[in-house]
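Asker: A predicted structure for the sequence below; I have some questions about it.
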Amino acid sequence: MSEYAIEFRDVCLAFGEQKVLDGVSFGVHPGETKILMGGSGTGKSTVLKLVLGLLKPDSGRIFVDNEDITDFSESQLTVMRQKIGMVFQEGALFDSLSVYENVGYRLFEQGADEEEIEETVRRMLRFVNLEQAINKMPSELSGGMRRRVGIARALVGNPKIILYDEPTAGLDPPTARTICELAIKLRDLEGVSSLFVTHRIQDAVVLADHHATIGDDGEVVIAKNPRGQADTSTQFIMLRHGKVLLEGDADTFWNSTDPYIRTFLELD
Ligand SMILES: Nc1ncnc2c1ncn2[C@@H]1O[C@H](COP(=O)(O)OP(=O)(O)OP(=O)(O)O)[C@@H](O)[C@H]1O
């Protein structure tokens, strides 16, 4: 049993001689967004692949939504993956399919009826503010719009867990911010648990410093937290040399005196 939505217990994984993860333990509480940082090649994507069961650890245990998935068979993993939405760097859309077909992909595969698919696709596209793009092809969309379509697709099936693999990479700051705001909405309004891999410290600031609520007129309000009150449902983890260098809330992260973390924060 695990009290976490995602938990790693003493996970080790090597590729040949290279130890990528060397006794990594951490947990993501239900409703929490854990920002996973670390230099290039420190194993961030590897962590996401382990959560999805695309890789197996050499030792240690991995729990997803209260289940020990470490020794799951392929068919058990297929069922488990339905609880997880995955948002990739480039949106990873199928170029030959329309936005409607991309977002509804899982439902078409499951043989859902057309009316249900359209209703769901429209609802997901409304969430990312792109209902008007439903009949467009990916080539007609900007980079930011493609990412948002990728998020809409990840939301089909109402996953309890969303994994973000550098969803803001290569985007201009305002567009990157809209992606972070979607992650905030999912965290605060839908109670989604997430691992959010990013290199961009700006993403971490936006996620930790803001929260989403529903305003008096039913509209979504994303507001800055009162000064000095970082959002406790945003936590950080920094990987280095196969180990967890730091795990904690935003204050622990910003106030760390570890020289590597300071360079990473580019504060000194
Ligand atoms: N299938 C594999 N076979 C061999 N080595 C691998 C494999 N997958 C990853 N690696 C190695 O493991 C290390 C960690 O890779 P990973 O992609 O998890 O890093 P990352 O932190 O996501 O990096 P980046 O920030 O550059 O995306 C790298 O040195 C990579 O070359």
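Answerer: Cool, got the structure. Residues are numbered from 1 along each chain as shown.
Asker: Residues in contact with stretch 145-157: which ones?
Answerer: 82, 85-88, 90-93, 99, 102-107, 120-121, 124-125, 127-130, 133, 138, 141, 162, 167-168, 171, 175, 178-179, 182, 186 (Cβ atoms under 8 Å, 6 or more residues apart in numbering). C-betas here are computed from N, CA, C, even on glycine.
Asker: how close does His199 get to Gly41?
Answerer: 12 Å (Cβ to Cβ, to the nearest Å).
Asker: higher neighbour count, these two?
Answerer: His199 (15 against 10; other Cβ atoms under 10 Å).
Asker: which residues does the more buried one contact?
Answerer: Per Cβ under 8 Å, 6+ apart, neighbours of His199: Met37, Glu166, Ala169.
Asker: Now do the strands in the stretch 51-200 of the chain.
Answerer: 59-64, 67-68, 84-87, 161-165, 193-197 (DSSP state E, counting those that start in this stretch).
Asker: Residues in a beta bridge with Phe26, which ones?
Answerer: Phe8 (DSSP bridges).
Asker: quick one, what contacts it?
Answerer: Counting by Cβ under 8 Å, 6+ apart, Phe26 has contacts Glu7, Phe8, Lys34, Ile237, Val244, Glu247.
Asker: List phi and psi for the third one.
Answerer: When you say that, I think you mean Lys34. phi -110, psi 120 (degrees, to the nearest 10).
Asker: Residue numbering should commence at 850 henceforth.
Answerer: From this message on, residue numbering opens at 850, which makes the last subject Lys883.
Asker: Report the residue spans of the stretch 1000-1117 of the chain with pLDDT below the cut-off.
Answerer: 1076-1080, 1116-1117 (pLDDT under 70).
Asker: Residues of it that sit close to the ligand?
Answerer: Residues of the stretch 1000-1117 of the chain found near the ligand (Cβ under 6 Å from any ligand atom): none.
Asker: Pull the contacting residues for the spatially closest residue to Pro879 that is not a sequence neighbour.
Answerer: Nearest residue to Pro879, sequence neighbours excluded (Cβ to Cβ, 6 or more residues apart in numbering): Ala854, at 4.8 Å. Contact partners of Ala854, counting by Cβ under 8 Å, 6+ apart, are Val877, His878, Pro879, Gly880, Glu881, Val913, Asp914, Lys1009, Ile1010, Ser1042.
Asker: pLDDT score for the fourth one?
Answerer: So that's Gly880. Per-residue pLDDT puts Gly880 at 94.
Asker: who are the neighbours in contact with it?
Answerer: Contacts of Gly880 by Cβ under 8 Å, 6+ apart are Ala854, Arg1036, Gly1040, Val1041, Ser1042, Ser1082.
Asker: Got a quick ChimeraX command for the buried subset of the residues you listed?
Answerer: The ChimeraX command for the buried members of those (criterion: 16 or more other Cβ atoms under 10 Å) is given here:
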select :854,1036,1041,1042,1082
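Asker: returning to that earlier point: from the contacts of stretch 994-1006, which would you call buried?
Answerer: Looks like those have 934-937, 940, 942, 948, 951-956, 969-970, 973-974, 976-977, 979, 982, 987, 990, 1011, 1016-1017, 1020, 1024, 1027-1028, 1031, 1035 buried, using 16+ other Cβ under 10 Å.
Asker: Now do the helices in the stretch 850-999 of the chain.
Answerer: 893-901, 923-930, 948-952, 954-959, 963-976, 992-1004 (DSSP state H, counting those that start in this stretch).
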